[in-house]
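# Dropping the sequence and predicted coords here.
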Amino acid sequence: MELKVDEGFKEFLEDFETGKYETPLQVPVGVWGSTAWELIDRKTMLEILLQFTKWQVDRAVKVMPSLYRKAYADRKITGRGLKTMDDFYHLPALIKDATENGGMGIREKVKQDPYVMRPNDLKCATFVYKSGGTRGVPTPTFITHLDREIESTAWSRGTRYEGIKAGDVAFITYNPTHKGGEEMKESLEKAGVTCILKRTNEEAEDVIKIIKDYGVNVLYTVQGPVNEAEAQQKGPGVNLLKLVEAGGDVLAKQIRVLFLGGYRLIPEALEWTKSAHMPLVTLLGSSEAIPQATNTAFNNDANRFCTENNLHVLNGPHLIEVVKEESGVLVPAKKGEPGILAYTTVAREGTIYLRYLPGDSAMVLKNHGECSCGLKSEIITDVGRIDVPEDVVQTGCCIG
């Protein structure tokens, strides 16, 4: 795959610099699929996303007042007041659960009224996707058709980094009713890939036969930790290890790229794919924001860092951060420092998340421009759940 700043993105940059776009929703959807987002310098990338975030901040205060109005008014925060990234870093975190210092998280508000998560300026239909709710009430994210188009277009960018290309034939065992499952197939459609979806009554043996009969060369499935007796399989009832047991020889012969979603890549999966000489890729995302980061398999550079659970951040349509707290302010964590994953939904019509902490730890492994694969964005690693995420954030950094 050739990496370049394409003509469409150059035109977008020119229009952006002349002030053509008042909101990120006016940006042509195809721009979010450009590989230029991971090629331009970090300063330019942040200037673009910060400019669009100004509009989203002012909008959030007006259209999601239960979450943002009081906290932002108390701190005298406005979108127009965000002149630099340092100003942005002073935005308080949005968290799921109440803190010991009395801050009310999203979940408590959702218990009272789930529609606090739906911007009140929306005039169009929305899809509702709920978080897992493992610690209480699932939190809903309201997504419009435009939001799905933007996110799946951006995901198609990650798909190309993963070595998947037009003409491939993909089989998906992932639950198509999840937001990730729906946008997964939409991203593959945009990448020119033929998609076959697993039906609910098909078992591992059926999937192996379909892979043989249809010449499938890309497999999308899941694999959770094998040492956990958890029933959740992200919905499909079929995982990688079941497929290997049913027809590992077929997979090794036919599958050119294996994608595992929903979980951290586990040692058993890494070991099997290495023995089968098969690229193993993944993409970080959630019901709140897709895509966030991906590893790569579009070239054979043995010295690249973006393999296994080391993921290039995908810049736009969301702003992805790894942060730490200093004196009540969330600032970027330095390379090698333990941090917290945060994201801001920049190009979003539906539910707005500003510096949202989903409850994941993360660490910056490589800074901008330090990977030899050709992509310039920073690489994050060690993404995993924090047992009590709300305790990480102290007074002054939660929406109250």
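Yes, it's here.
# which residues sit in contact with Gly158?
Neighbouring residues of Gly158 by Cβ atoms under 8 Å, 6 or more residues apart in numbering: 187, 283, 291, 294, 314. All C-beta spots, glycine's among them, are computed from the backbone N, C-alpha and C.
# right, and the first one touches Glu149 too?
No. Assessed by Cβ atoms under 8 Å, Ser187 is found out of contact with Glu149, at 10.6 Å.
# neighbour count winner among the two?
When Ser187 and Glu149 are compared for neighbours, Ser187 comes out ahead with 26 against 16, by other Cβ atoms under 10 Å.
# quick check, that one in a strand?
No. Going by DSSP: H, G, I helix; E, B strand; the rest coil, the assignment for Ser187 is helix, not a strand.
# Read off the pLDDT value for it.
pLDDT, Ser187: 97.
# how close does it get to Ala154?
8 Å (Cβ to Cβ, to the nearest Å).
# sorry, back to before: Serialize the contacts of Gly158 to JSON lines and add fields for distance to His90.
As requested, those are arranged in JSON lines below (distance: Cβ to Cβ, whole Å):
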{"residue": "Ser187", "distance to His90": "34"}
{"residue": "Leu283", "distance to His90": "30"}
{"residue": "Pro291", "distance to His90": "27"}
{"residue": "Thr294", "distance to His90": "30"}
{"residue": "Leu314", "distance to His90": "25"}
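# What is the nearest of those to Val5?
Val5 lies nearest to Leu314 out of the contacts of Gly158, by Cβ to Cβ, at 16.0 Å.
# Let me know the helix or strand that the nearest residue to Ile352 once chain neighbours are set aside is in.
Distances taken as Cβ to Cβ, 6 or more residues apart in numbering place Ala60 nearest to Ile352, at 4.4 Å, with adjacent residues excluded. Using DSSP states H and E, Ala60 sits in helix 42-63.
# Now that helix: average pLDDT?
Helix 42-63 carries an average pLDDT of 98.
# Determine the set of other helices and strands touching it.
Here helix 42-63 touches helix 7-17, helix 65-74, helix 85-89, strand 338-345, going by 3 or more Cβ pairs under 8 Å, 6 or more residues apart in numbering; DSSP states H and E.
# which residues does the closest residue to Gly339 other than its chain neighbours contact?
Computed as Cβ to Cβ, 6+ apart, the closest residue to Gly339 that is not its neighbour in sequence is Ala333, at 3.3 Å. Contact analysis of Ala333 by Cβ under 8 Å, 6+ apart lists 322-324, 339-340, 363-364.
# Neighbour-wise, give me the winner out of these.
Neighbour tally across those (other Cβ under 10 Å): the maximum, 26 neighbours, falls on Val322.
# If I follow the layout properly, that one ends up in contact with Val364?
Yes. Applying Cβ under 8 Å as the test, Val322 and Val364 come out as touching, 5.2 Å apart.
# what residues are shared contacts of those two?
Going by Cβ under 8 Å, 6+ apart, residues that sit against Val322 and also against Val364 are 332-333, 339, 380.
# Secondary structure, pLDDT and distance to Met278 for those residues - can I get that in TSV?
Listed next are those as TSV, based on DSSP: H, G, I helix; E, B strand; the rest coil; pLDDT from 0 to 100; distance: Cβ to Cβ, whole Å:
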residue	secondary structure	pLDDT	distance to Met278
Pro332	strand	97	35
Ala333	coil	97	33
Gly339	strand	97	31
Ile380	strand	98	24
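# what's the closest of these to Glu108?
Using Cβ to Cβ, these come closest to Glu108 at Gly339, 25.7 Å.
# before we move on, the earlier item: angle of the helix holding Ala60 against strand 338-345?
Put simply, helix 42-63 runs at 60 degrees to strand 338-345, going by axes from the mean of the first three to the mean of the last three Cα atoms, to 10 degrees.
# buried residues in helix 42-63?
45-61, 63 (16 or more other Cβ atoms under 10 Å).
# Ile164: which of the shared contacts of Val322 and Val364 is nearest?
Scanning those for proximity to Ile164, where the rule is Cβ to Cβ, the winner is Ile380, at 21.4 Å.
# is the closest one in a bridge, and if so with what?
Leu311, Val364 (DSSP bridges).
# I figured it hits Leu314, correct?
No. Ile380 is not in contact with Leu314 according to Cβ under 8 Å; the separation is 10.7 Å.
# anything in contact with each of those two?
What both Ile380 and Leu314 touch, as defined by Cβ under 8 Å, 6+ apart, is the set 293, 320.
# so what's Thr4 up against?
One correction, residue 4 is Lys, not Thr. Counted by Cβ under 8 Å, 6+ apart, Lys4 has contacts 35-36, 39.
# By neighbours, which of those wins?
Ala36 (22 neighbours).
# quick one: that one is in a strand?
No. Assessed with three-state DSSP, Ala36 is helix; it does not lie in a strand.
# ok, it touching Phe9?
Yes. If you go by Cβ under 8 Å, Ala36 and Phe9 touch, sitting 3.9 Å apart.
# Which parts of the stretch 251-400 of the chain are strands?
257-261, 280-281, 283-284, 293-294, 311-313, 318-326, 329-332, 338-345, 360-366, 379-385 (DSSP state E, counting those that start in this stretch).
# Could you pull up the contacting residues of the nearest residue to Val128 once chain neighbours are set aside?
Among residues not flanking Val128 along the chain, Pro140 sits closest, at 5.0 Å (Cβ to Cβ, 6+ apart). Residues near Pro140 by Cβ under 8 Å, 6+ apart: 110, 114, 117-118, 128-131, 351.
# beta partners for Pro140?
In this entry, Pro140 is beta-bridged to Lys130, by DSSP bridges.
# Kindly state the pLDDT recorded for it?
In the prediction, the pLDDT value recorded for Pro140 is 96.
# What of the one 10 residues further on?
Ile150 carries a pLDDT score of 98 in this model.
# sec struct for it, please.
helix.
# pretty sure it contacts Ala347?
Yes. Shown here, Ile150 and Ala347 form a contact pair, counting by Cβ under 8 Å, at 5.2 Å.
# which residues of the stretch 201-350 of the chain score low on pLDDT?
Under the criterion pLDDT under 70, the flagged ranges of the stretch 201-350 of the chain are 228-236.
# Please enumerate the helices of it.
204-214, 240-254, 267-275 (DSSP state H, counting those that start in this stretch).
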